[in-house]
Structures are given as structure tokens and as C-alpha cells.
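1. What follows is a predicted protein model with its sequence.
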Amino acid sequence: MLAALIIVFREVFEAGLIIGIVLAVTGSVPHRNRWIGGGVLAGVAAACLVAAFAGALSQLFEGMGQELFNAAILGIAVIMLTWHNVWMARHGKEMAGELRAVGQAVAEGSKSLLALAVVVGVAVLREGSEVALFLYGIAASDGGSAVGLLTGGLLGLVLAGAVCLLTYFGLMRIPPRALFATTTVLITLLAAGMAAQAVSFLERANWLTWLDRVVWDSAWLLPEDSLPGRTLHTLVGYTDQPTEMQLVTYAAVILVTIVLMRLIGSERRAPSSRNRLQQFVQ
Amino acid sequence: MTVLMTRRNLTLAALVVATTLPLSVAQAQQATEIHLTYSNGQFQPQEVSAPAGKPVVFRVKNLDAKAMEFESTALRVEKVVAAKSDGVVNVRALQPGRYEFYDDFNDKARGALVVQ
């Protein structure tokens, strides 16, 4: 039972963190629960589908179907997160400053919510398909231990829910003014980390072989599969053996986000958002 | 077999940036292939070896009715292998050493790759 708890918790931990962050980011947006809940449900449904067809998916692209699928959905999440940041740079002021500046902000806000719902869905899908496979394997196998293992698995899910709430309430303690800057940084690093992870999937599939030398190995200091390692992996994309291409991609996503936020964000409300951007850059 | 491969590669070429493909094919050809079977929650064989400095391709055959996840932190790989199916796992060229792998869904199943 403990083993099942640990396995399930480890898989859904990342999704829990991401949902917590997205909840905090959208704290003041009306109807956000509907969108995020929808994202979670869609993610669970998709995870079950992916689990059901895991064998077939694997066989695609000369056995590299899983890797390419993961790289593709991570790529979608990176685009959505970056787009959200750029959108917030432009409209964030109205939303964070005056919660009641509804009207058009709500209509436009739902676009950004859709992006974040997709991110939530992707996070749930990625982690969830493995959990579904694992739990299905347990449920399918006979023997009295199945009940205990299932209980362990469900407890693991509950624990991940707790991680999500902890992240959310932790972030909500930050004063609203600082919250915007904090979540912008968080989302940018989240996107950069996901992009680096997508690169690692492409490298595993042998689709990307440029700059694939491992730059350092910090596994002795902070193993990626330890709990702190996993947390940092999710939040800032920490990996204990990054390749050159992963580092380049990581830096590129941060750079592109800053440039886009400057270009598009400062178009509309020059003084205040520029200040904020400068804080962000520093 | 070769005909099949070429056809698949053509489909790939349509999808990928054309330049990555020759590289990846070249690399796949010189890789050391390692065949593993997974049954009754155990790897067979439990210890395999490969020469240093060459990429390795694991072909994992899961004979059990449950999915398994071939994972190794040392090798930087993780891959779900569905019940009664095969999985291919690419590993970059390695330094000499002992690299452990395991089934992430079952901590009793362990094995190691020894690179010389």
C-alpha cells in the first residue's frame, strides 16, 4: 500500500503544483473554477484514453510515439504559458488592480483562462496516464493485496490534492501587488522548464541530436528524483544532467517571454507596466 | 524490413526538419542493441553489458498483463511499456560504469547495464 501511495503521489505531485500555481494566478478572475475544473476533467479523460492506447501510441514513429507525444503536449503548454504571460502584461493591470473592471476584461479574460485550462489539462494528462496505467494494472491483477494497493493509490491522489492546496494558499499569502510579479516569474520558469523537458524527450527519440552533450551532473548534490529535486524540476525545470540544447532552450524561452512582454505589454500602458517589467527583469 | 523502414523514414522526413533525420538514422545504426524481457515482475536478464562510447538501444518486451515503466535516473530514461507489448528506449553514448534501471511501477524489479 505504501509503495502504491508513493508511486501515485510521485506521479501526480507535479500536476498538483501546477494546478496550485494556476489557481493562484487566476485568483481574481471570475468563473475560473469552471475553466480549471474543466481542464482537470479533460486531462483525466485524456489520460485514461492515452493509458488505454498506450501500446498503440508507443509503436508510432518507430517506437518513439510516447516521447514525441510528450514533447508535443509540453510544447503546447509552453506556448499557452507564454501567451498567458504576454496577455497578462497587457491586461494584467485592469485585472489585478480593479477586480471589478469586468465587462470586456471578463470576455477577454476567458481567452487567457482557456490557455491556462489547457496547461492544467496537459499537466493532468501527462502524469495521469501513468497513474491510470498503474492503477489499472493493480485493479486487473487478482489477490487480496489489490484493495490495499488501490487504497494507497487513492491516498496518493489525496496527498497530491493537498500539495495543490498548499501551493495555492502559500502563493495567496503574497500581497496582491507582489503576486502578479511572482506568478509572472513562476510561469516563465515553468514554461522554460517544460521546454527543456520537451527537448529531453526529442533527444530520447533521437529527433534532436545537436548539442546533446551533458553539461554538468549535479545528481550528487540534488538528485532529480528526490522530493526537493522533483519540486524544483516542476517549478523551475531543474534537471541534474542538462544537455547543452536544454540550457539553450531554457534561456531562449525566458528571453522570448521578456521580449514579447516588453513589445506587446508596453504598447498599451507604458509607464506602469514598464516599471513592473523592469522589476521582473531584475 | 528495410523496405518498411525506408517507407517509415519517408513519412518521418515529411514531418521533421529534414536535417535532423540523417543524423538520427546514422546514430541508430551504430547503437548497441540490448534485448530485455519483463515477466512475472522481473527483468530477464538482470544484468546486461555494452561497450562505452556508443549509443545503446534497449528493446524491452513486457510479457506481463500489466503495464510497466522502464526507468533509470542514471541513464535519464523513462518509458511506459504497455501490457504484452514492446518498448524501444534510446540511450546516448555512455562512459564506463554501472547504470541501474528499474520498473517504476514495481520497485522489486531491478537490473543494471554495465558499460565497459
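-> Yep, that arrived.

2. Just give me how far the longest strand anywhere in chain B sits from the chain centre.
-> Counting residues, the longest strand in chain B under DSSP state E turns out to be strand B:106-115. On the basis of C-alpha atoms, centre = their mean, to the nearest Å, strand B:106-115 sits 13 Å off its chain's mean C-alpha point.

3. give the contact list for B:A65.
-> Applying C-beta atoms under 8 Å, 6 or more residues apart in numbering or on different chains to B:A65 gives the contacts A:G137, A:A140, A:S141, B:A83, B:K84. Every C-beta, even on glycine, is put in place using the N, C-alpha and C of the backbone.

4. Please report which of those has the highest neighbour count.
-> For those, the largest neighbour count, defined by other C-beta atoms under 10 Å in any protein chain shown, is 21 neighbours, found at A:G137.

5. OK, contacts around that residue?
-> Contacts of A:G137 (C-beta under 8 Å, 6+ apart): B:A65, B:K66, B:A67, B:A83, B:F105.

6. Could you rerun that using 7 Å?
-> B:K66, B:A67, B:F105 (C-beta atoms under 7 Å, 6 or more residues apart in numbering or on different chains).

7. to the chain's geometric centre, what's the distance from stretch A:204-214?
-> For stretch A:204-214, the distance to the chain centre is 23 Å (C-alpha atoms, centre = their mean).

8. Can you confirm whether it lies near chain B?
-> Yes: applying C-beta under 7 Å from any C-beta of the partner chain, one finds stretch A:204-214 touching chain B at A:R204, A:A205, A:N206, A:W207, A:L208, A:T209, A:D212.

9. closest to A:I258 among those residues?
-> For these, the residue nearest A:I258 by C-beta to C-beta is A:L208; the value is 24.4 Å.

10. Would you map the helices across chain B?
-> B:2-15, B:20-30 (DSSP state H).

11. next one: the stretch 1-150 of chain A
-> In the stretch 1-150 of chain A, the segments counted as helices under DSSP state H, counting those that start in this stretch are A:2-25, A:32-52, A:54-63, A:65-97, A:104-140, A:145-172.

12. now do the stretch 151-282 of chain A
-> A:176-204, A:227-236, A:244-260, A:266-268, A:270-281.

13. Include mean pLDDT and mean neighbour count when you put the ones you listed into a markdown table, please.
-> Output for these, formatted as a markdown table (pLDDT from 0 to 100; neighbours: other C-beta atoms under 10 Å in any protein chain shown):
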| stretch | mean pLDDT | mean neighbour count |
| --- | --- | --- |
| helix A:176-204 | 89 | 21 |
| helix A:227-236 | 88 | 17 |
| helix A:244-260 | 95 | 18 |
| helix A:266-268 | 58 | 13 |
| helix A:270-281 | 49 | 14 |
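
14. For the contacts of B:A65, name the two members farthest from one another.
-> Counting by C-beta to C-beta, the most remote pair of the contacts of B:A65 is A:S141 and B:K84, 13.9 Å apart.

15. Pull up the residues of chain A that are close to chain B.
-> A:3, A:7, A:54-55, A:58, A:61-64, A:66, A:130, A:133-134, A:137, A:140-141, A:204-209, A:212, A:223-225, A:241.

16. Please pick the buried ones from the residues you listed.
-> A:7, A:54-55, A:58, A:61-64, A:66, A:130, A:133-134, A:137, A:204-209, A:212, A:224, A:241 (16 or more other C-beta atoms under 10 Å in any protein chain shown).

17. Need phi/psi at the residue of the stretch 151-282 of chain A found nearest chain B.
-> The nearest approach of the stretch 151-282 of chain A to chain B comes at A:N206, 4.1 Å away (C-beta to the nearest C-beta). Dihedral angles of A:N206 (phi, psi; degrees, to the nearest 10) stand at phi 60, psi 20.

18. from what I can see it touches B:N90, true?
-> Yes: under the criterion of C-beta atoms under 7 Å, A:N206 makes contact with B:N90 at 5.2 Å.

19. that older thread, reformat the helices of the stretch 1-150 of chain A as TSV; add mean pLDDT and distance to B:L94.
-> Converted to TSV, the helices of the stretch 1-150 of chain A look like this (pLDDT from 0 to 100; distance: least, C-beta to C-beta, whole Å):
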stretch	mean pLDDT	distance to B:L94
helix A:2-25	86	26
helix A:32-52	91	30
helix A:54-63	84	20
helix A:65-97	82	19
helix A:104-140	79	26
helix A:145-172	86	33
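
20. Now B:V57. Nearest residue, chain neighbours left out?
-> Spatial nearest neighbour of B:V57, chain neighbours left out: B:A31 (4.6 Å); criterion: C-beta to C-beta, 6 or more residues apart in numbering or on different chains.

21. for that neighbour, what are its contacts?
-> B:K54, B:P55, B:V56, B:V57.

22. Considering the residues you listed, which possesses the most neighbours?
-> B:V56 (22 neighbours).

23. Just the pLDDT for the residue nearest to that residue when sequence neighbours are not counted.
-> The spatially closest residue to B:V56, leaving aside those adjacent along the chain, is B:V91, at 4.3 Å (C-beta to C-beta, 6+ apart). With respect to pLDDT, B:V91 scores 88.

24. In contact with B:V91, which residues?
-> So B:V91 contacts B:P55, B:V56, B:F58, B:L75, B:V77 (C-beta under 7 Å, 6+ apart).

25. list the contacts for the third one?
-> Applying C-beta under 7 Å, 6+ apart, one finds that B:F58 lies in contact with B:I34, B:L36, B:F70, B:V89, B:V91.

26. Quick check: bridge partners of the second one?
-> In this case it means B:L36. Applying DSSP bridges to B:L36 gives these bridge partners: B:V60.

27. Thank you kindly, that will do.
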